[in-house]
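>>> Generate coordinates for the sequence data below:
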Amino acid sequence: MLTIRMVIVTIVGLYTSRIVFAQLGDVNYGIYGVVGGILGFMGFLTSSMAGASSRFITYEIGQGNFVRINEVFNSSFYIHCIIAIIVIIVGETFGIWFLYNVLSIPPDRLNAAFWVFQFSIISSAVSITQIPYTAVIMAHEKMGVYAYMEMVGTTLKLLIVYLLSISPFDKLITYSFLLLVVSFIIAMFYRIYCIKKFDHCKIRRLKDKKTVKSMLSFSGMDLYGNIAVTLNNQGLTYAINIFFGVVYNAAVSLANTINGMILALTTNIAIAFKPQIVKQYAQGNYDNMETIMCNSLRFTLLGIAMLAVPCAFEAEFVMKLWLGEVPRYSVEFLRIILILSFFPVINNVCNAAIHANGNIKKLTFINGTVFLLMPAIIFGIYALGVNVMWGYVIEIIGMCIIISLALWILKELIPQLSIKRIASTILKCGFTIVISAIPVYYLYSRLTIGFIRAISVTTAYLLLLTSCAWWIILTKENHHMVKSRLYGLIQRFHK
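Residues are numbered from 1 along each chain as shown. Below you'll find the predicted structure:
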């Protein structure tokens with residue numbers, strides 16, 4: 001369900017983002033990307049509590065303790081309301097100062113940037129208070145509801161494109177306001193669904209303050225790591241803005257749009273696996289937990305490779321097909337961002353297992369420190385006048401270190417897991433993805449840019465990758481599962 005939803009979302013998203021870029025222009029598009037992300041620096045608060053909400057709710061479901069779920073949900077809701085108020089206060093004070101005094105924005109677009117920021121503050125507050133409801137849907141593995149609602153959101157975004165084209169008002173302000181309306185509609189649907197479907201989603205007076213303390217303690221341990229991740233993500237964006245300007249930000253935003261759609265198509269696999277990792281740990285089924293982690297790594301990394309590698313080869317053609325005229329620097333950004341996208345997926349699987357254990361002190365401190373060092377190094381090398389792409393090289397090196405440390409911490413916390421097997425799965429996936437690309441590069445270099453080369457490169461890579469993956473990556477159990485699924489589809493087709 002999630003994959004079908006994302007195929008539709010991706011096709012529509014590519015179309016709508018092209019029209020939006022044409023309507024806004026590169027300067028306005030860059031402004032939206034950088035201003036809309038100002039509140040991203042507050043992401044450490046929401047990430048910490050989102051992780052706590054998801055972990056505690058899923059854990060209680062795994063334990064079969066449905067009475068406790070309502071206590072966890074209510075605690076999470078009230079905490080997120082407080083966070084939303086904090087975000088509004090910080091946004092209207094520090095955020096406004098940052099907008100007018102730090103960012104590099106053309107003077108004639110400052111008023112539009114101000115309104116974009118105001119709508120972003122409201123949208124952030126709505127999204128923050130929505131987190132407990134989303135956590136419940138994911139914990140209950142109601143992926144169909146999530147998929148359907150996202151498709152509704154995609155339809156509404158198509159309507160935004162039409163309204164933007166006929167709007168007599170400032171295009172950037174109109175676009176930001178309409179996105180706020182869509183986010184509000186989707187949030188309201190999730191809330192109504194959860195309240196009607198699950199008794200434990202009803203807001204009640206808090207009786208057990210220990211649950212609040214437990215969740216705050218867990219999120220507090222996670223806070224340093226999430227601050228570091230947020231500063232790392234936003235640090236690269238603002239470093240590019242400060243040293244290179246909004247045109248570079250526009251190129252990065254366009255590259256991230258394509259990369260985000262590719263990741264959304266494939267990380268649905270990880271979304272479906274994550275609740276099971278926590279539930280198997282809660283039940284003490286460590287062998288099953290390990291198998292689920294390895295399968296999540298296999299299918300997610302292969303899924304990303306099937307889309308990202310051909311897209312990296314044909315980055316220029318994809319940009320031309322999508323936008324018509326290829327913006328400066330966007331091809332280079334797209335290629336290196338696609339390479340970088342593999343690493344967070346691996347890290348997220350390791351983190352899911354560590355969060356299931358609950359002892360996250362070492363993870364948040366050690367890996368958080370590495371995340372903090374990365375933007376500091378990036379600002380330093382940019383000040384020396386190096387090429388903008390070096391920022392992403394630093395990110396890739398840093399992610400390799402972070403994944404290695406996460407595996408070491410995982411072995412200490414859950415010795416029942418075979419870290420050798422997990423690491424072997426990661427290395428086999430990486431080897432298969434790279435070795436399958438080598439013959440394709442020869443084909444790519446021999447043909448001229450165009451539709452024929454794009455189809456040839458994509459087909460060749462998919463055939464090579466699936467063949468190599470079958471023998472190198474997939475286990476006998478995976479072979480049996482794939483064969484049974486294919487047989488089932490064939491039987492349904494004949495019927």
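>>> C201: neighbour count?
21 (other C-beta atoms under 10 Å). (C-beta placed from N, C-alpha, C; glycine too.)
>>> how near is it to T211?
Applying C-beta to C-beta, to the nearest Å, the value for C201 to T211 is 15 Å.
>>> next one: I452
Per C-beta to C-beta, I452 is found 60 Å from T211.
>>> Repeat that for F299.
35 Å.
>>> With S330 instead?
Distance from S330 to T211, by C-beta to C-beta: 47 Å.
>>> Then T155?
Separation of T155 from T211 (C-beta to C-beta): 38 Å.
>>> which of the two has more neighbours?
For the pair T155 and T211, the greater number of neighbours falls to T211 (19 against 12), based on other C-beta under 10 Å.
>>> Just give me the neighbour total for V212.
By other C-beta under 10 Å, 17 other residues sit near V212.
>>> next one: phi and psi at the nearest residue to it once chain neighbours are set aside?
Excluding the flanking residues, the one nearest V212 by C-beta to C-beta, 6 or more residues apart in numbering is S75, at 4.5 Å. Phi and psi for S75, reported as degrees, to the nearest 10, are phi -60, psi -40.
>>> thought A454 was touching F317?
Yes. Assessed by C-beta atoms under 8 Å, A454 is found in contact with F317 at 5.2 Å.
>>> Can you report how many residues lie near Q118?
Neighbours of Q118 using other C-beta under 10 Å come to 18.
>>> could you say which helix or strand contains it?
Using DSSP states H and E, Q118 falls within helix 110-139.
>>> before we move on, back to that, what about the residue nearest to V212, distance to I57?
Relative to I57, S75 is positioned 10 Å away (C-beta to C-beta).
>>> Over to L465?
Per C-beta to C-beta, L465 is found 37 Å from I57.
>>> One more: P415?
For P415, the distance to I57 equals 27 Å [C-beta to C-beta].
>>> More neighbours: which of those two?
Neighbours per residue (other C-beta under 10 Å) separate P415 from I57, with I57 holding more: 24 against 10.
>>> Now the phi/psi pair for the more buried one, please.
Backbone dihedrals for I57, given as degrees, to the nearest 10, come out at phi -70, psi -50.
>>> residues in contact with the nearest residue to it once chain neighbours are set aside?
What sits nearest to I57 in space, not counting adjacent residues and going by C-beta to C-beta, 6+ apart, is A139, at 4.4 Å. When contacts are counted by C-beta atoms under 8 Å, 6 or more residues apart in numbering, A139 touches S54, I57, T58, I61, P275.
>>> switch the cut-off to 10 Å
A139 makes contact with 53-62, 69, 72-73, 198, 274-275, 278-279, according to C-beta atoms under 10 Å, 6 or more residues apart in numbering.
>>> What are the boundaries of the helices in the stretch 301-450 of the chain?
Under the criterion DSSP state H, counting those that start in this stretch, helices of the stretch 301-450 of the chain are mapped to 315-323, 330-340, 342-357, 361-383, 390-413, 419-446.
>>> Relative to Q118, tell me which of these wins on proximity.
helix 361-383 (26.8 Å; C-beta to C-beta).
>>> what does the average pLDDT come to for stretch 61-79?
The average pLDDT within stretch 61-79 is 75.
>>> At which residues are the helices of the stretch 101-250 of the chain located?
Secondary structure of the stretch 101-250 of the chain (DSSP H, counting those that start in this stretch): helices located at 110-139, 143-166, 171-197, 209-244, 246-282.
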